[in-house]
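In: Just a sequence and a predicted model for now, questions to come.
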Amino acid sequence: MDLAKILEKVDVERLYQHVLNLEYERHPLNSPEKLREAADYIYTELESYGVPVRMQEFPVDGFPDTFLNVEGWIGDKDAPCAAIMNHYDTVINTPGANDNAAAVAVTLECARILAQEKDVPPVRFLSFSLEEGNPAIESRIQNSARQLGLMDEQGRYTCYQVPKMMEEHGALVEAAFDYGRSGKTYGQAIAKATAQLADKLPESVFKHLKAIEAAYEGVTTWPGQASHLGAWAWADEALKLGKQIVFGICLDEIGRVHLEEGCQSLPETLTWEMLRTYKVDTERRIGDWALVIAGAAEMLGQVFCGHCERESVDLPYGYFHIPMDYQQAAREMPQAMGSDFTAFWQAGIPWLFVFDSAGWRKPYRGHTMADTIDRLDFDQIARICKATLATLVDPALK
């Protein structure tokens with residue numbers, strides 16, 4: 001296997017075309033046909049590379065429709081293998097270029113390149129649905145908002161003050177929920193936040209918040225119940241079937257680069273001193289690097305970072321290792337459970353999470369109508385693709 005030649009095959013134009021082809025709302029309630037169209041696109045692309053591919057259909061409790069994960073593989077599908085994963089759904093009213101078409105593009109490009117090779121280890125290519133939310137819960141919330149006149153048929157708030165109040169309420173909910181560490185349900189956290197704002201809420205908003213409270217009653221953990229449903233459905237099936245996953249690389253919200261001084265911050269749980277960095281300007285706080293987080297198996301993060309520093313890759317990064325199993329992290333660092341890797345974490349599978357730091361890089365355009373292709377840096381995406389490719393086939397991780 002000639003890794004240098006493999007990395008040379010990364011085609012930035014192909015990455016761009018994938019994002020261009022997927023830049024539209026892919027939402028289970030507002031645009032279910034587009035959500036299916038995206039799954040079909042991923043399936044067709046993998047199939048065109050000669051990659052065996054399947055759709056995994058899975059249900060959601062309390063919702064009439066089923067949803068699709070797309071799974072492709074190279075090599076012996078029964079052998080221990082690496083996996084690269086992304087989600088292909090979006091939140092409502094967003095074109096989803098950064099979140100998460102760019103990660104889909106990298107997954108497809110890795111599949112295209114590795115399918116041409118004859119001596120690479122087995123790899124699975126996983127694209128999940130319903131990372132962003134639970135449609136059964138969201139349907140109840142949307143119906144309430146529309147019945148009370150707070151939301152139109154396109155899912156937009158009908159009054160400027162409503163989203164402002166919802167934002168204030170959301171901050172209080174996060175503080176009250178504490179990511180489940182207190183043992184309270186999300187519904188109970190909503191009730192506490194609503195009580196704190198009761199005196200300033202219009203009657204219609206108060207009624208809507210009570211409906212949201214009811215929708216979330218019983219939700220005690222975010223991953224697998226309120227979000228990341230596709231990944232958890234896949235991991236549950238994989239364990240039952242005895243699929244052996246050596247490690248998984250999760251890509252989500254990659255490719256936003258901002259060069260303005262001071263645009264970059266960190267999550268509350270991190271400090272700059274806690275990060276291992278490569279070509280990161282920690283003094284000027286420039287946002288031109290990838291945030292790389294590894295679970296309990298630190299070697300995976302070390303290998304990925306080593307490939308980032310290859311001359312042919314040269315991907316600036318900030319790296320952080322979380323030396324905890326899923327249950328410990330759920331108690332002590334639940335804010336880290338931000339994407340589909342949580343399903344692997346819970347199953348005890350080593351994982352790596354690569355993203356552009358999301359809301360800690362300003363101006364943040366995720367989950368908005370501004371999440372468009374023109375705001376992505378495709379040279380950065382290509383670098384992430386190369387580092388991911390090199391890690392997927394690294395013999396040290398077999």
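Out: Thanks, I have it.
In: ok, and the closest non-adjacent residue to residue 106?
Out: If you skip the residues right next to it in sequence, residue 106 has residue 385 as its closest partner in space, 4.6 Å away by C-beta to C-beta, 6 or more residues apart in numbering. Placement of C-beta: from N, CA and C, glycine included.
In: One more: residue 51?
Out: Spatially, and ignoring its direct neighbours in sequence, residue 51 is nearest to residue 72 (4.3 Å; C-beta to C-beta, 6+ apart).
In: part of a helix, is the one you found?
Out: No: secondary structure assignment (DSSP: H, G, I helix; E, B strand; the rest coil) places residue 72 in strand, not in a helix.
In: Count residues in the vicinity of residue 52, would you?
Out: The criterion is other C-beta atoms under 10 Å. On that basis, residue 52 has 13 neighbouring residues.
In: For it, list the residues it contacts.
Out: Residue 52 is in contact with 72, 73, 74, 77, counting by C-beta atoms under 8 Å, 6 or more residues apart in numbering.
In: what do you get for residue 297?
Out: Neighbouring residues of residue 297 by C-beta under 8 Å, 6+ apart: 247, 350, 351.
In: Now the second one: phi and psi?
Out: Read it as residue 350. Note on residue 350: its backbone torsions stand at phi -60, psi 140 [degrees, to the nearest 10].
In: Could you check how far it is from residue 309?
Out: Plainly put, residue 350 is 21 Å away from residue 309 if you go by C-beta to C-beta, to the nearest Å.
In: now the strands for the stretch 151-300 of the chain?
Out: Along the stretch 151-300 of the chain, counting by DSSP state E, counting those that start in this stretch, strands occupy 245-251, 276-278, 290-294.
In: what's the second one in contact with?
Out: Outside of strand 276-278, the residues that reach it under the criterion C-beta under 8 Å, 6+ apart are 289, 305, 308, 309, 315, 316, 317, 318, 319, 320.
In: how about 6 Å then?
Out: For strand 276-278, the surrounding residues in contact (C-beta atoms under 6 Å, 6 or more residues apart in numbering) are 309, 316, 317, 318, 319.
In: thinking the second one is in contact with residue 281, fair?
Out: No: counting by C-beta atoms under 6 Å, residue 281 is not a contact partner of residue 316; they are 8.7 Å apart.
In: for the stretch 151-300 of the chain, what spans make up the helices?
Out: 161-177, 186-197, 203-216, 229-241, 298-308 (DSSP state H, counting those that start in this stretch).
In: so where's the stretch 51-200 of the chain shaky on pLDDT?
Out: Along the stretch 51-200 of the chain, the parts satisfying pLDDT under 70 run over 178-183.
In: Could you dump the strands of the stretch 151-300 of the chain into a markdown table with distance to residue 161 and mean pLDDT added?
Out: Formatted as a markdown table, the strands of the stretch 151-300 of the chain follow (distance: least, C-beta to C-beta, whole Å; pLDDT from 0 to 100):
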| stretch | distance to residue 161 | mean pLDDT |
| --- | --- | --- |
| strand 245-251 | 37 | 97 |
| strand 276-278 | 42 | 97 |
| strand 290-294 | 34 | 97 |
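In: How much space separates the residue of the chain most remote from its centre from residue 58?
Out: Taking C-alpha atoms, centre = their mean as the measure, the residue most remote from the mean C-alpha position of the chain is residue 199, 36.8 Å away. Applying C-beta to C-beta, one obtains 43 Å for the distance of residue 199 from residue 58.
In: same question, residue 111
Out: 22 Å.
In: Of the two, which one has the most company?
Out: Neighbour totals were compared for residue 111 and residue 58, and residue 111 leads with 24 against 18 (other C-beta under 10 Å).
In: right, and the helix or strand after the helix or strand where that one lies?
Out: Here residue 111 sits within helix 102-115, counting by DSSP states H and E. Secondary structure here is assigned by DSSP H and E; on that basis, the next helix or strand after helix 102-115 toward the C-terminus is strand 123-128.
In: which neighbours does that next one have in its sheet, and in what orientation?
Out: Sheet partners assigned to strand 123-128 using DSSP bridges are listed as strand 66-74 (antiparallel), strand 81-87 (parallel).
In: Touching the first one from outside, list them.
Out: I take that to be strand 66-74. Here strand 66-74 makes contact (C-beta under 6 Å, 6+ apart) with 39, 42-43, 46, 51-59, 111, 114-115, 123-130, 230, 234.
In: if you set the cut-off to 7 Å instead, what comes out?
Out: 28, 39, 42-43, 46, 51-60, 81, 111, 114-115, 122-130, 230, 233-234 (C-beta atoms under 7 Å, 6 or more residues apart in numbering).
In: for it, which positions count as buried?
Out: Buried residues in strand 66-74, counted by 16 or more other C-beta atoms under 10 Å: 67, 68, 69, 70, 71, 72, 73, 74.
In: Would you mind getting the angle between that strand and helix 102-115?
Out: Strand 66-74 runs at 30 degrees relative to helix 102-115, counting by axes from the mean of the first three to the mean of the last three C-alpha atoms, to 10 degrees.
In: Likewise for the last one?
Out: What separates the directions of strand 81-87 and helix 102-115 is an angle of 150 degrees, with the same axes, to 10 degrees.
In: Keeping just the C-alphas, turn strand 81-87 into CSV.
Out: Presented in CSV, the C-alpha positions along strand 81-87 are these (Å, rounded to 0.1, in the frame of the first residue of the first chain):
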residue,chain,number,x,y,z
CYS,A,81,-12.9,-3.1,10.5
ALA,A,82,-12.6,0.6,10.9
ALA,A,83,-15.5,2.9,10.3
ILE,A,84,-16.1,6.5,9.2
MET,A,85,-19.4,8.0,10.1
ASN,A,86,-21.5,11.1,9.4
HIS,A,87,-25.1,12.2,9.6
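In: And that strand, what's buried?
Out: Burial within strand 81-87, assessed by neighbour count using 16+ other C-beta under 10 Å, is assigned to 81, 82, 83, 84, 85, 86, 87.
In: for residue 48, what are its contacts?
Out: Shown here is residue 48, which makes no contacts under the criterion C-beta under 7 Å, 6+ apart.
In: mind checking how far it is from residue 33?
Out: Taken as C-beta to C-beta, the spacing of residue 48 relative to residue 33 amounts to 22 Å.
In: Report how far apart the opening and closing residues of stretch 236-246 are.
Out: End-to-end distance for stretch 236-246, by C-alpha to C-alpha, to the nearest Å: 16 Å.
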